[in-house]
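# just need the structure, nothing else, for what follows:
(chains A and B)
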Amino acid sequence: MARAQGVRYDASHPHAEHTHMTAASGARPEPPFAELPPDEQLFRMRHSAAHVLAEAVLQLFPDAKYAIGPPIEHGFYYDFDLPRPLTPDDLHDLEARMRASVARDVPITGRQIPKDEARRLFAGQPYKLELIDDIAEPTVGHFVHGDFQDLCRGGHTERTGQLGAFTLTHSAGAYWRGDERRPMLQRIYGALFPTPGELDAYLEAVEEAGRRDHRRLGRELDLFHLDPISPGSPFYHQKGAVLYNALVDYIRDLYLEYGYAEVITPQIFETELFKTSGHYQNFRGDMFIFTAADERELAVKPMNCPGHCWLYRTGLHSYRELPLRLAEFSRLHRNERSGVLHGLTRVRSFAQDDSHIFCEPAQVASELALFFAMTRRVYDSLGLTDVAVYIAGRPERYVGTPEDWSAAEAQLEAAVRAEGWDCGLLPGEGAFYGPKVEFHFKDALGRSWQVGTIQLDMNMPERFGLTYIGADGAEHRPAMLHRAILGSLERFLGVYIEHTEGRFPLWLAPVQAAVIPIADRHLPYAEEVGAALRAARLRPAVDGSSQRMQAKIREAQLQKVPYMLVVGDREAAERAVAVRTRAGGDLGAMPLDALIARLAAERDTRAVL
RNA sequence: GCCCUCAUAGCUCAGUUGGCAGAGCGCGUUCUUGGUAAGAACGAGGUCAUGAGUUCGAAUCUCAUUGAGGGCUCCA
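Numbers count the residues shown, from 1 in each chain, chains lettered A, B, ... in the order given. Just a heads-up that it's a prediction; the model follows:
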């Protein structure tokens, strides 16, 4: 399995071919700012705000070296090389200077200048000089407002007074050009919207997202916690383990239907296995490797594929038994660098709904179709509709020929489109052994995470010398597909907790019904109700605490329990329960048996709600 | 890994110029016995992340370590 946990941010941008200059360049005149489409105006406001930020930084730090400052999804940023770390007070100061520049309302003008002239103008600005050297054209864009000048390809407001509503949000470290071997710069982020109302709405949405954070909900709902005693490795509490197992059970059910063979392979291998697969050479730094007492070098598995290849190789295979779909839920361990760990979405210890499909090359198309059908069903059944599908293409380091890659990428894209999904392209993002299809969902803060994936492997069958006997009696090389629908269960849970805000459908809810006795004397009947639910394999929790009923209801609501069953004298007398749903609806009294039938049906159909 | 920030009760957080460790929630006990989102009183609970240093004195200042949070091309 490739680096299935990799983070990626949305690369699409509506202004990717934004190359035209303003009228000052002498090229074709452009319409006045006020007549541009709204998204173009917003793009320009954010871009100009970045310039105004750089102006302010240069006022505060005359020796600052400024790098790049693009508009981004919610605003803008600019990277600087500064003599000292920025403090929150600096951000306030800079924001005030920006507002002063806005108040001056000076024109922003741009023109094309020869590179030699640009080098003179940006003498002493090493990052700008590097950018000038990297530009292919003979001339570069030069933009000016007031005393400030910048190297820039353009796309600006006409004046500094047209920036809309903005605020500087935070600063962070960022490598020059994203390269960890190059200098660490200080990046200042700002949010910008056309009106104060939109800016406030955005800032409020960010705060709201904090309330849906899976790390917070994990604690509040007693699902899991992360602990310094094992960084990046979740402790699932009872309720979290119920969720985890319910997801595994669901996928396992589908495996029966879709013809998968679940296997269990070792956690620890001689490193020879990973040398054969190539992971040892390529990802050694991400693996937990240790030496046993007898000097043998062992490794904890970071993925299942080498083990599955090894298992495949232990027997002879006929074309008649292909496709062979080996599935496994084992826990995997990767020694992720400490700085990238993040809640459940980026961990060191995790499990996948992993499978490797060995098939005849001619069966790849039908396997893709089968996988997509299964994937759609799972996402639909979980109420996940905002999926983004990407094809990740040939990276710089790859095995095979460019022709093989192009054919494989085309095959994947055709299969995705046949399923009716739109797909984006991520050139260079494929695994070294083959292209991938990736399924992404966003977390509460809008960060995009890969969950499901299917990948063609043009390498491992070769490395492990895998074969099958064809109808012609000769040995053939099987095709291999790596695939997961939920991907890392940890990551999926993280994203899913944020998606649902902890309001899980009944079949996943750790506690499906809270049984609430009104007074102590109703506790025996409440226990009876609980026992009846458990007998139907439902998960009740009887609240025998000495609080008032109202407090018990509040507690169940906060725990996002789907059903609350209030029992008092009337219910006990009639073997009934008074049903309240999580959504706040009072369904009134219902015979206990009818309630159980209703919950069981909701569970068995895995109703989303 | 790198940059910045942070670490005080189970949780959320106060703690002033260095001078006796605090609140709310939660937890326990007792009272209350209730009809759809918080009944009341009392009580327990701390190696102020860890280790050094400065100081008469450190939660507070310095350094190191560990962990956590934000970020590390959305490319002039």
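
# just the helices in the stretch 251-400 of chain A please.
A:272-277, A:279-283, A:305-313, A:364-381 (DSSP state H, counting those that start in this stretch).

# stretch A:415-432 and RNA strand B in contact?
No. Contact of stretch A:415-432 with RNA strand B is not found when judged by Cβ under 7 Å from any atom of the strand; the minimum separation is 10.3 Å. Just so you know, the C-beta spots here come from the backbone N, C-alpha and C atoms, and that holds for glycine as well.

# stretch A:526-543 too?
No. No part of stretch A:526-543 sits near RNA strand B under the criterion Cβ under 7 Å from any atom of the strand; the closest distance found is 10.3 Å.

# could you check the pLDDT of A:Thr157?
Note for A:Thr157: predicted pLDDT of 94.

# using the three-state scheme, assign it.
Here A:Thr157 is coil, with the state taken from DSSP: H, G, I helix; E, B strand; the rest coil.

# that one - nearest residue in space that isn't next to it in sequence?
With sequence-adjacent residues excluded and distances taken as Cβ to Cβ, 6 or more residues apart in numbering, A:Thr157 is closest to A:Ser48, at 4.5 Å.

# most tightly packed of the helices of the stretch 251-400 of chain A?
Counting by mean count of other Cβ atoms under 10 Å, helix A:305-313 has the highest mean neighbour count of the helices of the stretch 251-400 of chain A, with a mean of 21.

# helices and strands around that one, which ones?
Packing contacts for helix A:305-313, counted by 3 or more Cβ pairs under 8 Å, 6 or more residues apart in numbering; DSSP states H and E, involve helix A:272-277, strand A:324-328, strand A:349-359, helix A:460-463, strand A:479-488.

# can you give me the angle it makes with strand A:324-328?
Angle between the axes of helix A:305-313 and strand A:324-328 is 140 degrees (criterion: axes from the mean of the first three to the mean of the last three Cα atoms, to 10 degrees).

# which other residues reach helix A:305-313?
Counting contacts by Cβ atoms under 8 Å, 6 or more residues apart in numbering, the residues outside helix A:305-313 that touch it are A:1, A:263, A:265-266, A:269, A:273-274, A:276-277, A:279, A:301, A:324, A:326, A:328, A:356, A:358, A:457, A:460-461, A:463-466, A:480, A:482.

# tell me the angle of it relative to strand A:349-359?
Using the same axes, to 10 degrees: helix A:305-313 against strand A:349-359 is 40 degrees.

# any idea how far helix A:305-313 is from the middle of the chain?
Centre-to-centre, helix A:305-313 and its host chain are 29 Å apart (Cα atoms, centre = their mean, to the nearest Å).

# do the same with stretch A:424-442
Here the centre of stretch A:424-442 is set off from its chain's centre by 13 Å, with Cα atoms, centre = their mean.

# can you show me the helices along the stretch 451-600 of chain A?
Read by DSSP H, counting those that start in this stretch, the stretch 451-600 of chain A holds these helices, from start to end of the chain: A:460-463, A:489-500, A:523-535, A:549-558, A:569-574, A:592-604.

# looking at these, spot the one closest to A:Glu137.
Among the helices of the stretch 451-600 of chain A, the nearest to A:Glu137 by Cβ to Cβ is helix A:489-500 (42.4 Å).

# where's the residue most central in space within chain A, which helix or strand?
The central residue of chain A, meaning the one whose C-alpha is nearest the mean C-alpha position (Cα atoms, centre = their mean), is A:Trp449 at 1.2 Å. Applying DSSP states H and E as the criterion places A:Trp449 in strand A:448-457.

# show me what that strand is packed against.
Packing partners of strand A:448-457 (3+ Cβ pairs under 8 Å, 6+ apart): helix A:364-381, helix A:402-418, strand A:436-442, strand A:479-488, helix A:489-500.

# and if we set it to 10 Å?
Judged by 3 or more Cβ pairs under 10 Å, 6 or more residues apart in numbering; DSSP states H and E, strand A:448-457 is in contact with helix A:305-313, strand A:349-359, helix A:364-381, strand A:388-392, helix A:402-418, strand A:436-442, strand A:479-488, helix A:489-500.

# for A:Ser233, see how far away the residue in the stretch 201-350 of chain A that RNA strand B sits nearest to is.
Across the stretch 201-350 of chain A, the shortest distance to RNA strand B (Cβ to the nearest atom of the strand) belongs to A:Gly339, at 2.2 Å. Between A:Gly339 and A:Ser233 the distance is 16 Å, computed by Cβ to Cβ, to the nearest Å.

# let me know the average pLDDT across stretch A:385-396.
Confidence for stretch A:385-396, expressed as mean pLDDT, is 86.

# if you could redo that for stretch A:43-52, that was the one I meant.
Here the mean pLDDT over stretch A:43-52 is 95, rounded to a whole number.

# give me the below-cutoff pLDDT ranges for chain A.
Scanning chain A for pLDDT under 70 picks out A:1-30, A:445.

# which helix in it runs the most residues?
The single longest helix within chain A, with elements called by DSSP state H, is helix A:38-60.

# could you point out which element follows that one?
As the chain continues past helix A:38-60, the following element, by DSSP H and E, is strand A:65-66.

# which strands or helices does that following strand pack on?
Identification of packing neighbours for strand A:65-66 by 3+ Cβ pairs under 10 Å, 6+ apart yields helix A:38-60, strand A:75-81, helix A:126-134, strand A:148-151.

# try 7 Å this time
Counting contacts by 3 or more Cβ pairs under 7 Å, 6 or more residues apart in numbering; DSSP states H and E, the secondary-structure elements packed against strand A:65-66 are helix A:38-60, strand A:75-81, helix A:126-134.
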